[in-house]
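Visitor: Prediction below, plus the sequence it came from.
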Amino acid sequence: MSNTTVLAVVSEIFPLVKTGGLADVAGALPAALDAEDVEVVTLIPGYPAVMKAIERAETAIAPYKSFGGHARVLRADAGGLDLFVLDAPHLFARPGGPYTAPDGTDWPDNPFRFAALAKAGAELALGASPGFSPDVVHAHDWEAGLTAAYLNDAPRARPGTVITIHNLAFQGQFPAELLGPLGLPDEAFSIDGVEYYGMIGFLKGALAYSDRITTVSPTYAAEIRTPDFGMGLDGLLRARGMAVTGILNGIDEDVWDPSADEMIEEPFSLATLANRPANKAFLQRKFGLDPDPGALLLGVVSRLSWQKGQDLLIANLDVLDRIGAQLAVLGAGEPTLEQALLAAADARPGRVGAKIGYDEAIAHQIQAGADALLIPSRFEPCGLTQLCALRYGALPVVARVGGLADTIVDANPMAIAAGHGTGLQFSPVTAEMLGATLERLARLWAEPEVWDRLIENGMMTDVSWRRPAAAYAKLFRDLIAERRLSAKPSIS
Ligand code: ADP
Ligand code: GLC
């Protein structure tokens, strides 16, 4: 029998709804924690894709009024996950993405949609679903951020609260007038509560109220305490001191398994690396690149936003020409970046290929076929694609920030001499330094024995959820123990 129960609260989860790595983490962590004797049930919004995927459900919280309509909470199985689903059609039964309308703009009622999620989380935390009484509530990002705020003035003993920051750039800030409509007490609008420069900050509130704050890598945990990366919240994060820690993400080894991946041309492993080139040839065909096995083929799988630094790559197209590299890009996001990449592909037929959109299969095919994966992020809380690249034998070329700094070992001459190295890191994160690093990459490509050694090192790296899950389990248990101690009446 598992001895720790966690309620996770999150706005997206793989394989049901995904816009980025948050969904991957929410989808994979429960199974990994199960191996640590931690049972996780995850509360998510009842988007159409979620409602459609439900295989079995029962009522967990009977219909109640929530922000202008009726809601209920279901306990449901879907996509192999143990879920609570917030079924609130007036908030979630719509086309478009989890956060945006079909035209790409944020839903205007997002504060209420995610306040409803957090409120349901707080109710479940306090035992609203008979038989379910979590020891810890684990909220993810600003969308789940108000959970701790609603629990703050709970009439009964509440579970421990943990907020995980996946990206400090998204904070969920809304006008102060919404305080009452969101069901928050006047006292909450303070420097120790949700107030943030005259606005209501959903993430700010979570950082103020939660017992523990985690983020998704140790380096990002240090970076966000500085003005350069703190996005205005560095002061509060410094003030929270030891409550802030970094736990690296892993990847789901079943979803990302090159030896059993049905989306790629030819499965392979370290023992059958000779099968990998078929994937490169496939990728070259798919992206209209010259069928040259000797050309250095670079891949990109990314949201296209300032964070991800793809403009730095676009500034280096001449370097790609000079080193004779090919480029296959899969990405979606800012229209100017999308257009620049399509234009680069048009201008370099057979050398650069770009696919704009979100496509799970092509993401796997790039990991399996590219020689190197480029991740020039200006900041990166953890990053998952470099972990996939390690597992799939593509050499990660990464900016030395956040989780990228923590997960890739730079193949400098001393590391190579010592037999270490799993990729290339560069810093500062500028177009010039990326250009110089691409030249460094090309020199490595010309040394196949060294290259093969780096690929082997990468494929042997543990990128699973095992270690991270053990760290989360310890954090949850320490928090529970600490709360038990402080709840005991003192003996005088
Ligand atoms: P972020 O969450 O900041 O976008 P991560 O590296 O943590 O970055 O996670 C990105 C996830 O989304 C990975 O699983 C990656 O494969 C996937 N991904 C990103 N862009 C695309 C795309 N255009 N098509 C398919 N998958 C994508
Ligand atoms: C965010 C971050 C990314 C991280 C992911 C999952 O989207 O941008 O770095 O890997 O969350 O934690």
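Guide: Ah, there it is. Ligands and ions are numbered 1, 2, ... in the order given.

Visitor: Now do the helices in the stretch 351-492 of the chain.
Guide: 360-369, 385-392, 402-407, 413-417, 431-445, 448-460, 466-487 (DSSP state H, counting those that start in this stretch).

Visitor: could I get the ones you listed as a markdown table with mean neighbour count?
Guide: All C-beta atoms are positioned from the backbone trio N, CA, C, and that covers glycine. Listed next are the helices of the stretch 351-492 of the chain as a markdown table, based on neighbours: other CB atoms under 10 Å:
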| stretch | mean neighbour count |
| --- | --- |
| helix 360-369 | 22 |
| helix 385-392 | 26 |
| helix 402-407 | 25 |
| helix 413-417 | 12 |
| helix 431-445 | 18 |
| helix 448-460 | 16 |
| helix 466-487 | 15 |
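
Visitor: Was I right to think residue 138 contacts residue 164?
Guide: Yes. Between residue 138 and residue 164 a contact is recorded at 6.8 Å, counting by CB atoms under 8 Å.

Visitor: In terms of neighbours, single out the busier of these two.
Guide: Comparing residue 138 with residue 164 by other CB atoms under 10 Å, the one with more neighbours is residue 138, at 31 against 26.

Visitor: residues touching that one, list them.
Guide: 6-9, 40, 162, 164, 476 (CB atoms under 8 Å, 6 or more residues apart in numbering).

Visitor: Going by distance to ligand 1, which of those residues wins?
Guide: Ligand 1 has its nearest neighbour among these in residue 164, at 12.8 Å by CB to the nearest ligand atom.

Visitor: So what does that closest one look like in phi/psi?
Guide: The phi/psi pair for residue 164 (degrees, to the nearest 10) reads phi -110, psi 130.

Visitor: How about the contacts made by it?
Guide: Going by CB under 8 Å, 6+ apart, residue 164 touches 138-141, 213-216.

Visitor: ok, and which of the residues you listed reach ligand 2?
Guide: Among the contacts of residue 164, the residues within reach of ligand 2 (CB under 6 Å from any ligand atom) are residue 216.

Visitor: of the contacts of residue 164, closest to residue 441?
Guide: residue 216 (26.3 Å; CB to CB).

Visitor: So the closest one versus residue 170, what's the distance?
Guide: Per CB to CB, to the nearest Å, residue 216 is found 13 Å from residue 170.

Visitor: These two - which one has more neighbours?
Guide: The neighbour comparison of residue 216 against residue 170 (other CB under 10 Å) goes to residue 216, with 27 against 16.

Visitor: now residue 136, which residues is it bridged with?
Guide: With DSSP bridges as the criterion, residue 136 is bridged to residue 6, residue 160.

Visitor: for stretch 169-181, which positions count as buried?
Guide: Residues 170-174, 178-179 are the ones in stretch 169-181 that count as buried (16 or more other CB atoms under 10 Å).

Visitor: can that stretch be found next to ligand 2?
Guide: No. Using CB under 6 Å from any ligand atom, we find that stretch 169-181 stays clear of ligand 2, coming within 8.0 Å at best.

Visitor: Check the offset of that stretch from the chain's centre.
Guide: With CA atoms, centre = their mean, to the nearest Å as the basis, stretch 169-181 stands 23 Å off its chain's centre.

Visitor: hmm, stretch 315-333 in reach of ligand 1?
Guide: Yes. Against ligand 1, stretch 315-333 shows contacts by CB under 6 Å from any ligand atom at 330-332.

Visitor: roughly how far is that stretch from the heart of the chain?
Guide: Using CA atoms, centre = their mean, the offset of stretch 315-333 from its chain centre is 25 Å.

Visitor: Same question for stretch 167-186.
Guide: How far stretch 167-186 lies from its chain's middle: 23 Å, per CA atoms, centre = their mean.

Visitor: Output it as CSV, restricted to C-alpha atoms.
Guide: This file holds the C-alpha atoms of stretch 167-186, laid out as CSV (Å, rounded to 0.1, in the frame of the first residue of the first chain):
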residue,chain,number,x,y,z
ASN,A,167,8.7,28.8,-16.6
LEU,A,168,8.9,32.1,-14.7
ALA,A,169,8.1,34.0,-17.8
PHE,A,170,4.4,33.1,-17.5
GLN,A,171,3.0,34.5,-14.3
GLY,A,172,-0.7,34.9,-14.8
GLN,A,173,-1.2,38.6,-13.8
PHE,A,174,-4.7,40.1,-13.8
PRO,A,175,-6.4,43.4,-12.7
ALA,A,176,-6.9,44.0,-9.0
GLU,A,177,-10.7,44.4,-9.5
LEU,A,178,-10.9,40.6,-10.0
LEU,A,179,-10.0,39.9,-6.3
GLY,A,180,-13.7,39.7,-5.1
PRO,A,181,-14.9,38.0,-8.3
LEU,A,182,-12.2,35.4,-7.9
GLY,A,183,-13.4,34.6,-4.4
LEU,A,184,-10.2,35.8,-2.7
PRO,A,185,-10.4,37.7,0.6
ASP,A,186,-9.3,41.3,0.9
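
Visitor: Tell me the spatial nearest neighbour of the closest residue to ligand 1 within the chain, not counting adjacent residues.
Guide: Ligand 1 sits closest to residue 21 of the chain, with a gap of 2.2 Å, by CB to the nearest ligand atom. Spatially, and ignoring its direct neighbours in sequence, residue 21 is nearest to residue 384 (4.6 Å; CB to CB, 6 or more residues apart in numbering).
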